[in-house]
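Visitor: fold the following for me, if possible:
(one chain, ligands or ions: 2)
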Amino acid sequence: MSTTATNFPSGLKPIELSSDQAPSSKLSQKTVLDILNKKCFHSLQHLKQAHAIILKTAHFHDHFVSGTLLKCYANPNFNNFTLATKVFDCIPRPNVFVCNIYLKGSIENGEPHKAISCYHKMMVLNSRPNKFTYPTLFKACAVTGSVKEGVQFHAFVVKQGLTGDVHIKSAGIQMYASFGLFREARKMLDESGKTQTDVICWNAMIDGYLKCGEVEAANEVFVNMPDKNVGSWNAMISGLARCGMIENARTLFDEMGERDEISWSAIIDGYIKQRCFKEALEVFHQMQREKIKPSRHLLPSMLTVCANVGSLDQGRWIHSFVERNSIQVDAVLGTALIDMYVKCGRLDMAWEVFEKMKVREVSTWNAMIGGLAIHGRAEDAMKLFTKMNGEKRKPNGVTFVGVLNACAHAGMVERGLGLFNSMKRVYEIEPEMEHFGCVVDLLGRAGLVEEAEKFIESMPVKPNVAVWGALLNACRIHGNVELGERVGWILLDMEPRNSGRYALLSNIYAKAGRWDDVARVRKLMKERGIETVPGSSMMDMGGKVHEFKMGDSSHPQMKEIYLMLEKMMDKLQIEGYSPNTSMVSYDIEEEEKETVLKQHSEKIALAFGLLHAKPGTTLHIVKNLRVCADCHSAFKLVSKIYGHNIIMRDRVRYHHFKNGMCSCKDFW
Ligand code: ZN
Ligand code: ZN
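Guide: Residues are numbered from 1 along each chain as shown. Ligands and ions are numbered 1, 2, ... in the order given. This is a model prediction of the structure:
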């Protein structure tokens, strides 16, 4: 017999009861528990139905049933611990079983303070904590930094004679270590002697030391512990990585015999934190080769890696992995996917992800709006901003950086200024430094250099390097030597170690033909020992990221690449290209001038791309510095002659080369 659909809100499928089950009013405890365990863990709607049945059948008074019900509500996937708390508050005289479920839920849902207050409720109700209660309580104290309560709980553990329990002990060690109280932690560890102590307590000690940067102490424990398991290695690896000692972490990772999911995540996360994206990607590859499934939490960070190195292939692989495994695309994962596609130059794919997303956070809108903006699709960015307003989503400061950027690149001065003025008035957002920078850029790009300068003078805060930088860039584009010179020197004073600042200033002098001043800047740079950043370009090909540095010949295919480069340059010259040698002889380019322009890293990467790419495909190149004028014109011609679209990301913006033209319209 089954319940009828009319009992439930329309459109909601009721829980099917099989024919051997009794009418809902006579369901046994076992049946109710079965329903909870089998049907209610993934659907809040089913859970609410089951809840109603439980109330109707008076099983709610059964702590075993109400506890299981609470466990379902506390599932972090529902992201609704308030609801779980309400249910908990309704359970009459909850026993220790129910309380432990609530304690665990409060930690899993990131509300540890509720665990501590639950303990006080237990005391009032006289429901005696057991060995499952204390590990959770210690964890809650560690997370919230509640030293007083932690010490108190430890005293209760001693009083109840539970000190020998390994889970309590390891949680206690971790708690004390998180307080920085190593003596107490060590005391707990050493209490029962070396041989009897469980390995997880040793691991907790290692973890505790490393969380506080005590590398030597951790290493001593690691070396001297009687037994090691994979957790011990993992604790060392993630701890060392967290302390910035990624190479030591890698050595251990390579040495360890058996690895688990956590080991892989630990080393990859470590690389990402150090911004060693190429290495992170290589380990991720190795993981795929060894057929190890990446854990869910690793996916957004790996997508960030793909975005940074421009690895579209790997990014796509992750996207299809998500689809193959029916992984739910929440706001974090979805936003990471959008960001990856945007940064790899695939706005169409980014848009597709955006459209499909069920839950969109402000960050999701920002990723899409900002993405359209940096690709020069100003109108589309503005349309999306309007749509966002229409859906009553409140924009934040980052949203405005996106739309102001869009206006700046499209020369929509009045619209941009209007938006800027509406920030505080309409949206109650206080403009910050980044927004001031956007306005300077907006005015400056449009040739309103004097207005931009006046705007800087009227700012309520002292302008930072980014704001001055935007003005200097405007001076460079519009050939305003006098102001550019002044701003250039201000910037040199503010950032004397930044080689890019020297480059931009000398660039302005060079454009005005003031070679003495170019020489003066160069001399100063030499005296101060400033070295230029070596140019480097990356290209994703066949699932691997290839990196090329200026004049670098370490790539195994270098011979073929240089042959291709020669061929390419010959072809370009037939088409009327002549190397822009003025760049070489007088100016300091960011990528230090070299004897031959064709050794610029982006040209080498391009030649490599031409060598391998199928006709008609789009080539993606990521460069660490601004693209130089010579490479820019070469790229335009290549896109025409070879029929490849080229998307290049330099330090400042995106260039879409197509049919001999660039999307930046030669302003960058
Ligand atoms: Zn170049
Ligand atoms: Zn361009």
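
Visitor: buried stuff in stretch 490-506?
Guide: Neighbour counts over stretch 490-506 (16 or more other C-beta atoms under 10 Å) mark 490-492, 498-506 as buried. Any C-beta I mention is one placed from the backbone N, CA and C, and that applies to glycine too.

Visitor: which two of those residues have the greatest separation?
Guide: For those, the farthest-apart pair by C-beta to C-beta is Ile490 and Ser499; their separation is 16.9 Å.

Visitor: can you name the residues of the chain that neighbour ligand 2?
Guide: 655, 662, 664 (C-beta under 5 Å from the ion).

Visitor: my read is that the second one contacts Tyr654, right?
Guide: Pointing back at Cys662 there. No: assessed by C-beta atoms under 8 Å, Cys662 is found out of contact with Tyr654, at 9.8 Å.

Visitor: pull the helix or strand with minimum mean pLDDT from the protein.
Guide: Least confident helix or strand, the chain: helix 582-585 with a mean of 45, by mean pLDDT, DSSP states H and E.

Visitor: just after that one, pick out the following helix or strand.
Guide: Counting by DSSP states H and E, the element after helix 582-585 in chain order, helix or strand, is helix 601-612.

Visitor: pLDDT on that following helix, on average?
Guide: Helix 601-612 carries an average pLDDT of 92.

Visitor: and the next helix or strand after that helix with ligand 1, contact?
Guide: Downstream of helix 601-612, the first helix or strand assigned by DSSP H and E is strand 618-623. No: using C-beta under 5 Å from the ion, strand 618-623 stays clear of ligand 1, with a minimum separation of 8.9 Å.

Visitor: got the angle between strand 618-623 and helix 601-612?
Guide: 150 degrees (axes from the mean of the first three to the mean of the last three C-alpha atoms, to 10 degrees).

Visitor: what's strand 618-623 in contact with?
Guide: 308-310, 312, 344-345, 535-540, 601-602, 605-606, 609-610, 613, 644-651 (C-beta atoms under 8 Å, 6 or more residues apart in numbering).

Visitor: in helices, which of those fall?
Guide: 308-309, 312, 601-602, 605-606, 609-610 (DSSP state H).

Visitor: now render these as CSV, adding distance to ligand 1 and neighbour count.
Guide: Compiled in CSV, the ones in helices among the contacts of strand 618-623 are given as follows (distance: C-beta to the ion, whole Å; neighbours: other C-beta atoms under 10 Å):
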residue, distance to ligand 1, neighbour count
Asn308, 21, 20
Val309, 20, 22
Leu312, 23, 21
Ser601, 8, 24
Glu602, 6, 29
Ala605, 11, 26
Leu606, 10, 30
Gly609, 15, 24
Leu610, 16, 18
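
Visitor: in JSON lines, list those residues along with distance to Leu125.
Guide: As requested, the ones in helices among the contacts of strand 618-623 are exported to JSON lines (distance: C-beta to C-beta, whole Å):
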{"residue": "Asn308", "distance to Leu125": "53"}
{"residue": "Val309", "distance to Leu125": "56"}
{"residue": "Leu312", "distance to Leu125": "58"}
{"residue": "Ser601", "distance to Leu125": "69"}
{"residue": "Glu602", "distance to Leu125": "70"}
{"residue": "Ala605", "distance to Leu125": "68"}
{"residue": "Leu606", "distance to Leu125": "72"}
{"residue": "Gly609", "distance to Leu125": "70"}
{"residue": "Leu610", "distance to Leu125": "75"}
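
Visitor: among these, which one sits closest to Glu428?
Guide: When those are compared against Glu428 (criterion: C-beta to C-beta), the nearest one is Asn308, at 33.5 Å.

Visitor: any idea how far that closest one is from ligand 2?
Guide: To ligand 2, Asn308 is 20 Å away according to C-beta to the ion, to the nearest Å.

Visitor: now that residue. Nearest residue, chain neighbours left out?
Guide: Phe277 (4.8 Å; C-beta to C-beta, 6 or more residues apart in numbering).

Visitor: give me every residue that touches the nearest residue to Leu103 once chain neighbours are set aside.
Guide: Distances taken as C-beta to C-beta, 6+ apart place Thr136 nearest to Leu103, at 4.3 Å, with adjacent residues excluded. Thr136 sits next to 100, 103-104, 107, 115, 171 when contact means C-beta under 8 Å, 6+ apart.

Visitor: apply 6 Å and report the result again.
Guide: 103-104, 107 (C-beta atoms under 6 Å, 6 or more residues apart in numbering).

Visitor: need the residues of the protein near ligand 1, please.
Guide: Contact residues, the chain versus ligand 1 (C-beta under 5 Å from the ion): 600, 628, 631.

Visitor: turn these into JSON lines, including distance to Lys462 and neighbour count.
Guide: Converted to JSON lines, those look like this (distance: C-beta to C-beta, whole Å; neighbours: other C-beta atoms under 10 Å):
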{"residue": "His600", "distance to Lys462": "37", "neighbour count": "26"}
{"residue": "Cys628", "distance to Lys462": "33", "neighbour count": "24"}
{"residue": "Cys631", "distance to Lys462": "36", "neighbour count": "27"}
